[in-house]
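A.B. asks: have a look at this prediction, sequence included:
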Amino acid sequence: MRLLVLLILAAVTAGRVTPSPALDLRDVTFRTKELGTVLFSHNSHITKGKQKNDCKACHDKIFDMKQPVRHTMAAMEQGKSCGACHDGKSAFPLADCIKCHPVKNIVLGGKEAGAVAFTHREHAARQPCTACHPATFLAGKNRPVGMAAMEKGKSCGACHDGVKAFGVAKCAGCHTVSDISFKVRATGVVTFTHKAHAGRHPCHQCHPRIYRYVKSSRVGMAAMEQGKSCGVCHDGKAAFAVTDCARCHPVKELTFPVRSISDARFSHKSHLATYGCKVCHPKVYPLKRGKPVGMAAMEQGKSCGVCHNGKAAFPVTASCDFCH
């Protein structure tokens, strides 16, 4: 590479020369211990700015081809090496690190609360690299730091304090959260919405005291009614009671085919406006569909006849078009 540039300089007789397309001005790669590989492009520099078609703009005044010297960033900031031009006037400043140093997204953690993706470019668009490096983070691999330390101002907590940037207590700002579906044989799928809950309560209200970050063991309705799992909050005071089943469990209108007369319709919506789910389930009706019950059995107090007896509700012997 040095010989190639010397040959070009030897061909310069009047200060400037247009490099021949046949000349191969190769890129130069600099490897750093902490900040990755920096690629210097001869072609991009020789075609722009004051140094356009002028190899002598850099050689040998700035870069000595006979005795090349490796300069540090501190030296560059004092006008050495790349800093001779990259001063924010002649060319972009050295502080614009990602123009030369490669940056990539960093994935942290993943054991309990899911992986966290740190986006370098998103942060670099808001503040200079020196805001974090090297005071807060070494320019390279760092030791993991827990949430307790962050809450005391370490690592991400140096900025994410609720003033400079959103606080580390806003977990969903970094940790991915998603809706959770619980398959319940008798009542269908129950969906827990993280977004709806996180909009009202901080994450630490549930995690890890009530729920571990990883998958927890299933808890039944009886335990919830005793204050376990969802029942810690859903007690009818802090939030609607777990006995308000239709708030979580899917309910739908039912149609029962009847051969001798038109089909019978059952409206969950209209019944829930007056009665709680426990009035019927599972004492009168199992949560999974059972065998059909005829009108004769209903008149004897079975199925719909438990309530539709002319006292609690209109009798099953009333006008048929009430249901059919």
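C.D. replies: Structure received. Keep in mind that what you see is a predicted model, and the values were worked out from it rather than measured.
A.B. asks: which pLDDT value belongs to I46?
C.D. replies: At I46, the model reports a pLDDT of 87.
A.B. asks: repeat that for the one 5 residues further on.
C.D. replies: pLDDT, the model's per-residue confidence, is 81 for Q51.
A.B. asks: which parts of the stretch 151-300 of the chain are helices?
C.D. replies: With DSSP state H, counting those that start in this stretch as the criterion, the stretch 151-300 of the chain has helices at 194-198, 221-225, 268-272, 295-299.
A.B. asks: which among those is found nearest to D235?
C.D. replies: helix 221-225 (9.0 Å; CB to CB). Where you see a C-beta, it was placed from the backbone N, CA and C, and this is true even at glycine.
A.B. asks: hmm, who's touching that closest one?
C.D. replies: S229, C230, G231, H234, V242, T243 (CB atoms under 8 Å, 6 or more residues apart in numbering).
A.B. asks: average model confidence for that helix?
C.D. replies: 92.
A.B. asks: what about that helix, distance to the chain center?
C.D. replies: 32 Å (CA atoms, centre = their mean, to the nearest Å).
A.B. asks: extract the CA atoms of it and return them as CSV.
C.D. replies: What follows is helix 221-225, C-alpha atoms only, in CSV (Å, rounded to 0.1, in the frame of the first residue of the first chain):
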residue,chain,number,x,y,z
MET,A,221,-60.5,-20.2,40.8
ALA,A,222,-60.9,-21.4,44.3
ALA,A,223,-57.4,-20.3,45.2
MET,A,224,-58.0,-16.9,43.5
GLU,A,225,-61.1,-16.4,45.6
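A.B. asks: show me what counts as buried in that helix.
C.D. replies: M221, M224 (16 or more other CB atoms under 10 Å).
A.B. asks: ok, back up a step: for the helices of the stretch 151-300 of the chain, which has the smallest mean pLDDT value?
C.D. replies: Across the helices of the stretch 151-300 of the chain, helix 194-198 has the smallest mean pLDDT, namely a mean of 87.
A.B. asks: name the residues that touch it?
C.D. replies: Counting by CB under 8 Å, 6+ apart, C171, A172, V177, S178, D179, I180, C206 sit against helix 194-198.
A.B. asks: the same query, at a cut-off of 6 Å, please.
C.D. replies: For helix 194-198, contacts defined as CB atoms under 6 Å, 6 or more residues apart in numbering pick out A172, V177.
A.B. asks: ok, now stretch 255-267?
C.D. replies: Taking CB under 6 Å, 6+ apart as the rule, stretch 255-267 contacts E253, L254, C323, H324.
A.B. asks: counting neighbours, which of these comes out on top?
C.D. replies: Neighbour counts for the contacts of stretch 255-267, by other CB atoms under 10 Å, peak at C323, which reaches 19 neighbours.
A.B. asks: ranges for the strands of the stretch 51-200 of the chain?
C.D. replies: 106-109, 115-118, 180-184, 188-192 (DSSP state E, counting those that start in this stretch).
A.B. asks: buried residues in the third one?
C.D. replies: Neighbour counts over strand 180-184 (16+ other CB under 10 Å) mark V184 as buried.
A.B. asks: which elements pack onto that strand?
C.D. replies: strand 188-192 (3 or more CB pairs under 6 Å, 6 or more residues apart in numbering; DSSP states H and E).
A.B. asks: now swap in the last one and tell me
C.D. replies: Using 3+ CB pairs under 6 Å, 6+ apart as the contact criterion, the secondary-structure elements in contact with strand 188-192 are strand 180-184.
A.B. asks: do the same with the second one
C.D. replies: Contact here means 3+ CB pairs under 6 Å, 6+ apart; on that basis strand 115-118 packs against strand 106-109.
A.B. asks: partner strands of the strand it packs on, with direction?
C.D. replies: strand 115-118 (antiparallel) (DSSP bridges).
A.B. asks: burial count for the closest residue to E253 other than its chain neighbours?
C.D. replies: Once flanking residues are discounted, E253 sits nearest to S267: 5.5 Å by CB to CB, 6 or more residues apart in numbering. S267 sits with 13 neighbouring residues when counted by other CB under 10 Å.
A.B. asks: distance of S267 from K283?
C.D. replies: In this view, S267 and K283 are 20 Å apart by CB to CB, to the nearest Å.
A.B. asks: kindly reformat the strands of the stretch 51-200 of the chain as a markdown table containing distance to H59.
C.D. replies: Output for the strands of the stretch 51-200 of the chain, formatted as a markdown table (distance: least, CB to CB, whole Å):
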| stretch | distance to H59 |
| --- | --- |
| strand 106-109 | 38 |
| strand 115-118 | 40 |
| strand 180-184 | 63 |
| strand 188-192 | 66 |
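A.B. asks: okay if I get the ones you listed as JSON lines plus distance to D27 and mean pLDDT?
C.D. replies: Listed next are these as JSON lines, based on distance: least, CB to CB, whole Å; pLDDT from 0 to 100:
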{"stretch": "strand 106-109", "distance to D27": "26", "mean pLDDT": "83"}
{"stretch": "strand 115-118", "distance to D27": "29", "mean pLDDT": "86"}
{"stretch": "strand 180-184", "distance to D27": "50", "mean pLDDT": "89"}
{"stretch": "strand 188-192", "distance to D27": "53", "mean pLDDT": "91"}
